[in-house]
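Colleague: Sequence and predicted model, in that order:
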Amino acid sequence: MRTNVAAGLLALIAAAGLTTGMLLESTRPSQWAFIAVGLLLPALGWLLAARRPEVRYGWLLLVTAVCFGIGMLGAGLLIRGVAGGYPPAAALALFYGLSWVFIPLLFPEGRLPSRRWRPVAWIAGVAIATHAVGNAMMTIMPTGYSDVSTPVGLVGTLASTIGQTVTWIMSLVVLGGLVVRWWRSERPERGQYGWILAGAVAVQVGIGLVLSFSMNAALPGIGMIGLFTLVTALPGAIVVAIVRHHLLDIRVRIRGSRVLLVFDVRPTVDEVLSRLGSALEATAEPVEQLGRLATAVRTGLDTRWAAVTLADGRRVVSGREDGPAALTLPVRGGLGRIECGPRDRGSLHEEDQRFLEALAVPAGLAIQSAGLAARLVNAQEAERRRIERNIHDGVQQQLVALIAGIELARATGGDAETLGHLREQARQTLQDLRELAAGIHPSALTQGGLVEAVEARCARLPVPTQVFARRELRGERFADEIEGAMYFTVSEAVANALKHAEATKIEVRLDRTAGRLRATVSDDGKGFDAGGLATLADRLDALGGGLDLDSEHGKGTRVEAWVPVGG
């Protein structure tokens, strides 16, 4: 918002200064025509600076337009006999210097082509400033020539002449460099450089026409053509580069039957992040979130396709993937990567790399969400199959045998021993059902809470196990998902200590400090791999918590889990 306001204010200052200055001179049709073509520069600068604030070139055009507007205002005041018009009129020297040197030199992104151009930029900058200061010191006689009879007028004239001459020489150097850049550029960019080169050549032609008029005042038409050329050549070339070659990702489209031109500018990073954040928030499915992310990258960079690839190899593509990636960005943490295909016109550059890096944070969150959801789904599926297998291999077979025994007893009039055996078999089946249900959600956890359920679980272990918990924690209850996650984490940790670490002593500590509920399981075993705890870590992560494992061969294992509980 601030950049839009700043760009609009600068464009307004430029337009107001130009219009006022020209109307102070006269109101002839030629003045209105000059105002119309002069407004092209501030309009173009505003478009680039407002829509692409991160690109310096738009701001350069705006500053040049402001210098032009202020300079023309000063010229209008001088024509009206206002002596105070000299300082603002000196801004025309800044306008000419920026137009001749820096607009072609810093094309297209507002940066020097290389470090070797720094001396040229410094020399040109000093020359332009000298020209402007000299113009401000000069006083013009009624004959149109500068007054050199005073020391100030003489110094001003010399400074203006030297500054303008050096500036013109630097413009020729820049023109030569622009020819080389055009020659070395690849085909997509050659058209853009070709038009800015044509504009720079037209500027030199305009300079020649204006000099011809200054040496022969009887050729006013030549001078007017020269001024029009100086004002319109470079902005016109930039507009053509936009229309024909999508300069700076700006596209002009025809909309509707009325042939309405629409300047379609690539959205800024802030706009993309804002839209993407809203889209991800409104999208529940993780895979769809990845699709939204890929689409945001493709449309933001105007590429043929974009893809988001997870670490496990899953891939979501937006657009038609018809070739190798032109730009790839790994997402932090090894979660995956973002890939972009080529553009139809032009190539990707450093600005696009920074644009893509700005999406790294929401991309990481979306990829992490998708990966977490996938692991939770896999864990749920594995748990469902485990329960199904236990029912099929255990309780179901026992019930089949029990039913067969009952049918046999009824057919044979079973004696007391047979009935007693069936009763014992029914009790064992009931016990197995209770243990199976406890594996899904233990009744002790539902009835007594976390501490009581953990104590009940550890009381059945075949090795000495101690459970430590503060008294006030015993009567405190938490959300079902929190108690379940912590209970099964402790249960899995002690199971691993027995099965894999071969522990002979286990210690469990439950505590609540600093808004976190913690469970720590320590043993004296030989250590074990943390791979079996990945599902539990995902479950805790989904609750905003985490799991840490410290396991070293011969020194035992320490598993610490925590979840936020507030307070």
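Modeller: Here it is on my side, so go on. Numbering: from 1, shown residues only.

Colleague: Any regions of the stretch 151-300 of the chain where pLDDT drops low?
Modeller: Residue ranges of the stretch 151-300 of the chain with pLDDT under 70: 187-188, 213-220, 246, 248-289.

Colleague: show me where it has strands.
Modeller: For the stretch 151-300 of the chain, the strands defined by DSSP state E, counting those that start in this stretch cover 250-255, 260-265.

Colleague: Then the stretch 401-550 of the chain?
Modeller: Counting by DSSP E, counting those that start in this stretch, the stretch 401-550 of the chain has strands at residues 465-469, 506-513, 516-523, 546-551.

Colleague: Contacts for stretch 200-213 next, please.
Modeller: If you take C-beta atoms under 8 Å, 6 or more residues apart in numbering as the criterion, stretch 200-213 is touched by 99-100, 104, 168, 171-172, 174-175, 178, 219-220, 222-223, 225-230, 233-234, 237. (C-beta placed from N, C-alpha, C; glycine too.)

Colleague: what about 7 Å?
Modeller: Outside of stretch 200-213, the residues within contact range by C-beta atoms under 7 Å, 6 or more residues apart in numbering are 99-100, 104, 168, 175, 178, 219-220, 222-223, 225-227, 229-230, 233-234.

Colleague: what's the answer for stretch 483-496, then?
Modeller: 441, 445, 449-450, 453-454, 457-458, 461, 465, 506, 508, 517, 519, 521, 528, 532-533, 536, 539-540, 543, 547, 559, 561, 563.

Colleague: Can you list the buried residues in that stretch?
Modeller: Across stretch 483-496, burial judged by 16 or more other C-beta atoms under 10 Å covers 483-494, 496.

Colleague: How about the contacts made by the closest residue to Gly206 other than its chain neighbours?
Modeller: Excluding the flanking residues, the one nearest Gly206 by C-beta to C-beta, 6 or more residues apart in numbering is Thr229, at 3.3 Å. Contact analysis of Thr229 by C-beta under 7 Å, 6+ apart lists 202, 205-206, 209.

Colleague: Can I have the buried ones of these as a ChimeraX selection?
Modeller: In ChimeraX syntax, the buried subset of the contacts of Thr229 is picked out as below (16+ other C-beta under 10 Å):
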select :202,206,209
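
Colleague: Just name the closest of the contacts of Thr229 to Ala409, please.
Modeller: Nearest to Ala409, judged by C-beta to C-beta, of the contacts of Thr229 is Ala202 at 109.9 Å.

Colleague: Please convert the strands of the stretch 401-550 of the chain to a markdown table, extending it with distance to Leu39 and mean neighbour count.
Modeller: Shown next, in a markdown table, are the strands of the stretch 401-550 of the chain (distance: least, C-beta to C-beta, whole Å; neighbours: other C-beta atoms under 10 Å):
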| stretch | distance to Leu39 | mean neighbour count |
| --- | --- | --- |
| strand 465-469 | 77 | 17 |
| strand 506-513 | 67 | 18 |
| strand 516-523 | 63 | 22 |
| strand 546-551 | 60 | 16 |
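
Colleague: Of all the ones you listed, which one is nearest Thr64?
Modeller: Closest to Thr64 of these is strand 546-551 (C-beta to C-beta; 55.2 Å).

Colleague: Report the backbone C-alpha coordinates of that closest one in PDB.
Modeller: The C-alpha coordinates for strand 546-551 follow below in PDB (Å, rounded to 0.1, in the frame of the first residue of the first chain):
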ATOM      1  CA  GLY A 546       7.000 -33.200  20.100                       C
ATOM      2  CA  LEU A 547       9.100 -36.300  21.000                       C
ATOM      3  CA  ASP A 548      12.800 -36.500  21.800                       C
ATOM      4  CA  LEU A 549      14.800 -39.700  21.900                       C
ATOM      5  CA  ASP A 550      18.300 -40.100  23.500                       C
ATOM      6  CA  SER A 551      19.500 -43.700  23.000                       C
END
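
Colleague: what number of residues lie near the nearest residue to Pro88 once chain neighbours are set aside?
Modeller: Using C-beta to C-beta, 6+ apart and skipping residues adjacent in sequence, the residue nearest Pro88 is Gly74, 3.1 Å away. Number of residues near Gly74 (other C-beta atoms under 10 Å) recorded here: 25.

Colleague: From Thr150, how far off is Gly74?
Modeller: As for Gly74, its distance to Thr150 is 20 Å (criterion: C-beta to C-beta, to the nearest Å).

Colleague: cool, and Leu44?
Modeller: In terms of C-beta to C-beta, Leu44 sits 41 Å off from Thr150.

Colleague: picking that back up, report the contact partners of the residue nearest to Pro88.
Modeller: Contacts of Gly74 by C-beta under 7 Å, 6+ apart are 85-89, 91.

Colleague: By neighbour count, which of the residues you listed wins?
Modeller: Ala89 (25 neighbours).

Colleague: wait, what's in contact with it?
Modeller: Counted by C-beta under 7 Å, 6+ apart, Ala89 has contacts 71, 74-75, 78, 135.

Colleague: Distance to Asn4 added to those, as JSON lines?
Modeller: Listed next are the contacts of Ala89 as JSON lines, based on distance: C-beta to C-beta, whole Å:
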{"residue": "Gly71", "distance to Asn4": "26"}
{"residue": "Gly74", "distance to Asn4": "28"}
{"residue": "Ala75", "distance to Asn4": "30"}
{"residue": "Leu78", "distance to Asn4": "34"}
{"residue": "Asn135", "distance to Asn4": "33"}
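
Colleague: Show me which of the residues you listed are buried.
Modeller: Among those, those that count as buried by neighbour count (16+ other C-beta under 10 Å) are 71, 74-75, 78, 135.

Colleague: how's the chain carved up into domains?
Modeller: Per automatic domain parsing, the structural domains of the chain span 1-84, 112-179, 185-251, 269-370, 375-439, 450-564.

Colleague: Pick out the shakiest of these, pLDDT-wise.
Modeller: Here the domains of the chain differ in mean pLDDT, and the lowest is domain 375-439 at a mean of 62.
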